[in-house]
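> I'd like to go over a predicted model; first the sequence, then the structure.
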Amino acid sequence: KRTWQGAENIPKSGPAIIISNHMSYADVLFFAQFLFKNGRAPRFIGKRSVFDVPVIGRILLAAGQIPVERESTHASKALDHAVAALKAGHLIGIYPEGTRSPDGRLYKGRTGIARLAIESGAPVIPIAMFNTDKIQPTGTVIPKIMRVGITFGEMMVRQGIH
């Protein structure tokens, strides 16, 4: 089961950058499930190594997901692809910290979100996910059955754009 609050903050059409805390691999599944249920197909920026997994990587690429080589000089190419997707009206999902939190706390975010917002003019919508670290703690394969909480915050926009 899951509880969602603030769903009205997700636009029915047009671009948006959806940012979230990241505590578990399960985060992406719950996040995407909600957006799909509401008629939006999110495109996520994810670490390159996940795309290198046979079958899974091909599925992710076919679904328009965007790999990023986080520790490479090529990392900005992923942001270029995300800006193009935003300009085409897509939703981009991104985790500001760039990785899962090992202890459930929020850590310093990276600057990619600011670049996406400035270059695309798309609004940023923060979400907070609850209990995913308990559903699938780091290092576990089989998730536990319990309630997920997702709260969608209000849209943040640059002055004069929206």
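Looks like it arrived, so ask away.

> what's the residue lying closest to residue 155 once chain neighbours are set aside in contact with, if anything?
Distances taken as CB to CB, 6 or more residues apart in numbering place residue 123 nearest to residue 155, at 4.5 Å, with adjacent residues excluded. For every residue, glycine as well, the C-beta is placed using N, CA and C. Residues near residue 123 by CB atoms under 8 Å, 6 or more residues apart in numbering: 11, 15-17, 117, 155-157, 162.

> Can you give me the buried ones in whatever helix or strand residue 4 lives in?
Under the criterion of DSSP states H and E, residue 4 resides in strand 2-5. Neighbour-count burial for strand 2-5 flags residue 4 (criterion: 16 or more other CB atoms under 10 Å).

> what helices or strands is it leaning on?
helix 26-37, strand 148-152 (3 or more CB pairs under 8 Å, 6 or more residues apart in numbering; DSSP states H and E).

> Residue 137: which of the ones you listed is closest?
helix 26-37 (9.8 Å; CB to CB).

> The protein: helices as residue ranges?
Here the chain has its helices, by DSSP state H, at 26-37, 48-51, 56-62, 75-87, 112-120, 132-135.

> Please identify the deepest-packed of those.
helix 132-135 (a mean of 21; mean count of other CB atoms under 10 Å).

> out of the helices and strands packed on strand 2-5, which comes closest to residue 100?
Among the helices and strands packed on strand 2-5, helix 26-37 sits nearest to residue 100 (CB to CB), with 7.8 Å.

> Quick one: residues contacting the residue nearest the centre of the chain.
The centroid of the chain falls nearest to residue 93 when counting by CA atoms, centre = their mean (2.7 Å). Neighbouring residues of residue 93 by CB under 8 Å, 6+ apart: 18-20, 28, 31-32, 35, 42-45.
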